[in-house]
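below are the sequence and a predicted model; questions follow.
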Amino acid sequence: MKVVIDTNLIMKIFQAKIDIIALMKRDIQESIELYILEHTINELRDLYNKLHGEDKINAKLSLEYIKKLIKEKNLNIITKEQIQKLLRLSDNKETTHLDLNYADDILFFLSQHGYIIATSDKELKKRIKNKIIFLHNKTIKFIS
């Protein structure tokens, strides 16, 4: 199962003080490959530079956590170039309206191409409707 972690969820795991990987392994009985958008990493850097207090700390912890997971080979980055290549290969007519600078559009597109989206964003969950992993009461919920 290919799972892409959204900015919203990565920030939430530090607010809730949980280990998302341990929860996924416990609550989802399938092999998981974790991914993150290059856009998400850039968004977290921007948040770190703009935010204050606990939110700034959570953004910094998120970036450190991502770096650790990448180093341990437990997280793969999906670059803008990889998205563009997938778009070129896609025969989906909806792709002409995608904004590659908007993470939710990219996540929606990926959800249509075999990826599960891990998010706590209510609007994104409504848009995708299925193939979603989200955090609820410190447990992982999966809607397929």
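Structure received.

the strands in this structure, which residues?
Under the criterion DSSP state E, the chain contains strands at 2-5, 33-37, 76-78, 115-118, 132-136, 139-143.

tell me which of those lies nearest to Gly53.
Gly53 sits nearest to strand 132-136 of all the strands of the chain, at 21.8 Å, using Cβ to Cβ. For every residue, glycine as well, the C-beta is placed using N, CA and C.

measure how the closest one sits relative to strand 139-143, angle-wise.
150 degrees (axes from the mean of the first three to the mean of the last three Cα atoms, to 10 degrees).

so what strands line up beside strand 132-136?
Taking DSSP bridges as the criterion, strand 132-136 forms sheet pairs with strand 115-118 (parallel), strand 139-143 (antiparallel).

can you give the contact residues for the longest helix that the chain contains?
The longest helix of the chain (DSSP state H) is helix 53-71. With contact meaning Cβ atoms under 8 Å, 6 or more residues apart in numbering, helix 53-71 is reached by 10-11, 13-15, 21, 34, 36, 41, 44-45, 47-48, 51, 75-77.

re earlier: buried deepest among the strands paired with strand 132-136, which one?
Among the strands paired with strand 132-136, the stretch with the highest mean neighbour count (mean count of other Cβ atoms under 10 Å) is strand 115-118, at a mean of 24.

what does it rub up against?
1-6, 9, 20, 24, 35, 107, 110-111, 124, 128, 131-134, 142, 144.

do me a favour and average the pLDDT over it.
Strand 115-118 shows a mean pLDDT of 94.

just the CA atoms of that strand, as CSV, please.
C-alpha atoms of strand 115-118 as CSV (Å, rounded to 0.1, in the frame of the first residue of the first chain):
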residue,chain,number,x,y,z
TYR,A,115,-2.1,6.1,-3.6
ILE,A,116,-3.7,6.2,-0.2
ILE,A,117,-3.8,9.7,1.3
ALA,A,118,-3.1,10.2,5.0
